[in-house]
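K.L.:
Show me the folded form of this:
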Amino acid sequence: MKYRDTTFCIAREAWRFAVPVAGVAVCLLLITRSWIPFGLLMILTIYILAFFRNPHRNTPKDDGLIVCPADGVVTAAGIVSHPDFPNGQALRVAVFMSLLNVHINWTPCAGTVERVAYVPGKFVNAINDKAADENEHKNIWLRRADGRLIVFTPVAGLVARRIVNPVDTGDVLEAGEKVGLICFGSKVETLMPADTELLVNVGDKVSGGLTILGRLSHQNEEKE
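P.N.:
Numbers count the residues shown, from 1 in each chain. Sure, this is the predicted structure:
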């Protein structure tokens, strides 16, 4: 099942957090006649709505590009070991999202979801390089039309304790398609073939659905 996007600028998941806070604010105003707690809670309500902002992005359509799946800062970029990639190696790019970033997630490229695996775990600070192994996360294996594999992984963090990502095996996704979000701070990792040309550096600020993480080589991987 795909993520049910909305045409509004606020993701629908916002209302389950914002409405109760706004309701408490109104109740306190009626009971206490004090504008201070009302004002503070309404500021919190506005922050929640801003956190769940849901922008439209015009994703580059070049099939050889791997698009960043999330807004944030690149915290890791380099070759890692991975058994599902040729020669047991993959190019990994990790993007950390702060509490101020957009938390919608986008598909890094077009393809068919070959496998998904939800992994329960801890909720340590997602900026930690080991968070993708220790924290709650969801691995998504995406098989491109040319047979090459891309794996992207939304990871929960210290505050983020809910991954909204209904993508399942067999879903056909487009490049830059919205596939979910992570509530309140987290990270997303992307794995691509090791011979992919890396186009970002550690410390770069990136935008989901817009920034190009890498360019695939012209040599096609044989389909498994």
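
K.L.:
and the helix or strand hosting Glu189, what other elements does it pack with?
P.N.:
Assigned by DSSP states H and E, Glu189 belongs to strand 186-193. Under the contact criterion of 3 or more CB pairs under 8 Å, 6 or more residues apart in numbering; DSSP states H and E, strand 186-193 touches strand 72-81, strand 89-97, helix 131-134, strand 149-156, strand 212-215. (C-beta placed from N, C-alpha, C; glycine too.)

K.L.:
now the helices for the protein?
P.N.:
For the chain, the helices defined by DSSP state H cover 15-32, 35-51, 131-134.

K.L.:
what's the offset of stretch 45-58 from the middle of its chain?
P.N.:
From the chain centre to the centre of stretch 45-58 is a distance of 14 Å (CA atoms, centre = their mean, to the nearest Å).

K.L.:
Mind listing what's buried along that stretch?
P.N.:
Judged by neighbour count using 16 or more other CB atoms under 10 Å, the buried positions of stretch 45-58 are Thr45, Ile48, Leu49, Phe51, Phe52, Asn54, Arg57.

K.L.:
Kindly present those as CSV, with separate columns for distance to Gly23.
P.N.:
Below are the buried residues of stretch 45-58 laid out as CSV (distance: CB to CB, whole Å):
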residue, distance to Gly23
Thr45, 9
Ile48, 13
Leu49, 14
Phe51, 18
Phe52, 17
Asn54, 22
Arg57, 32
